[in-house]
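1. Dropping the sequence and predicted coords here.
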Amino acid sequence: MSFVLSTLPQTWPWLILMAALAAGWSAQRGLVFALLAAFGGVALALGFLKPLALAALTAGLLFAAVLPRTRGSARLTGHAALILWALALGAHLLPGVHNLLILDQVQAGPASAPYSLHLNLDKPLVFFTLLLSWPALLQRNAPAGRPAWLAGLLLLAALLPLALLTGALRLEPGLPDWTLLWMASNLLLTCLAEEAFFRGYLQQGLSRRYGPAASLAAASLLFGLAHIGAGPAVAGFATLLGLACGLGYWGTGRFQVPVLMHFAFNLIHLLMFTYPGPA
């Protein structure tokens with residue numbers, strides 16, 4: 001807690017963004033965009049956003065709000081543009097956005113590799129974009145049932161022991177002083193945005209056209225490919241994590257489930273193993 005308090009002079013604007021994300025997750029749409037507008041103004045005033053970047057992000061949100069009203073080829077083209085926009089935000093490609101570096105080459109433990117953490121303001125915009133463009137994002141779907149959900153939980157439980165057996169990770173229990181800040185960032189700025197895109201949007205959307213099995217496989221593989229920059233092994237484990245979260249989503253029909261599964265996996269990784277990997 002002392003670390004979190006010591007960083008408040010730098011991190012306080014992200015409390016507004018996190019409040020907007022939490023409001024969106026709980027479907028309080030009116031509050032969401034009031035908080036998001038407040039964050040945009042603060043980020044602009046403090047230099048985290050340049051005027052052109054703010055204009056581009058605003059235009060992206062307006063485009064997302066119009067997309068559900070389109071039909072035919074315009075709708076298809078719009079969703080293709082939406083996917084490219086979400087990927088650009090997730091890859092931090094939009095110029096004029098300055099994410100806050102809050103941890104710089106720190107170690108979770110003596111055996112862990114150096115780790116840096118940015119508080120992002122671009123990737124979380126994926127969630128708000130989908131909240132506007134994909135009305136079904138937070139809706140509960142018909143659940144496939146307990147077998148699918150349990151399969152997802154079993155796969156999730158097997159991933160970290162598998163990483164241990166293959167040497168990708170080592171046991172290193174610990175509680176870094178920055179854990180609380182990491183938890184808030186990982187849940188709201190990372191897991192929520194990634195699960196909204198890969199499970200709530202891609203898996204759900206593909207399922208309507210190609211069925212649950214094909215959509216589950218495609219979303220999981222794309223989730224793995226999104227992590228290929230960290231190496232083939234990480235991409236492979238990310239694919240399996242995507243499959244576990246996808247099974248949880250399919251089995252329960254609830255968007256909250258894959259978000260919490262993803263976060264639980266990341267949290268156990270931090271608290272019990274070398275993070276993000278061995279030194």
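-> Sure thing, it's come through.
2. so residue 118 is in which element?
-> Per DSSP states H and E, residue 118 falls inside strand 115-119.
3. same question, residue 103
-> strand 100-106.
4. quick one: contacts of stretch 163-177?
-> 2-3, 106, 108-112, 160, 182, 233, 237, 269-275, 277-278 (C-beta atoms under 8 Å, 6 or more residues apart in numbering). (Glycine included, C-beta is placed from N, CA and C.)
5. hang on, the earlier thing: report the buried residues of the strand holding residue 103.
-> By neighbour count on 16 or more other C-beta atoms under 10 Å, the buried set for strand 100-106 is 100, 102, 103.
6. With only the CA atoms kept, save it in CSV.
-> In CSV, the C-alpha atoms belonging to strand 100-106 read as follows (Å, rounded to 0.1, in the frame of the first residue of the first chain):
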residue,chain,number,x,y,z
LEU,A,100,3.2,6.3,-17.9
LEU,A,101,6.3,4.2,-17.1
ILE,A,102,5.8,3.4,-13.4
LEU,A,103,8.1,0.4,-12.9
ASP,A,104,11.4,0.4,-14.7
GLN,A,105,13.5,-2.8,-14.9
VAL,A,106,12.5,-4.0,-11.4
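7. Report all helices and strands that it contacts.
-> Under the contact criterion of 3 or more C-beta pairs under 8 Å, 6 or more residues apart in numbering; DSSP states H and E, strand 100-106 touches helix 2-25, strand 115-119.
8. what is the rounded mean pLDDT of stretch 236-247?
-> Average pLDDT, stretch 236-247: 97.
9. Name the residues of that stretch that are buried.
-> So for stretch 236-247, counting by 16+ other C-beta under 10 Å, buried means 237, 238, 239, 240, 241, 242, 243, 244, 245, 246, 247.
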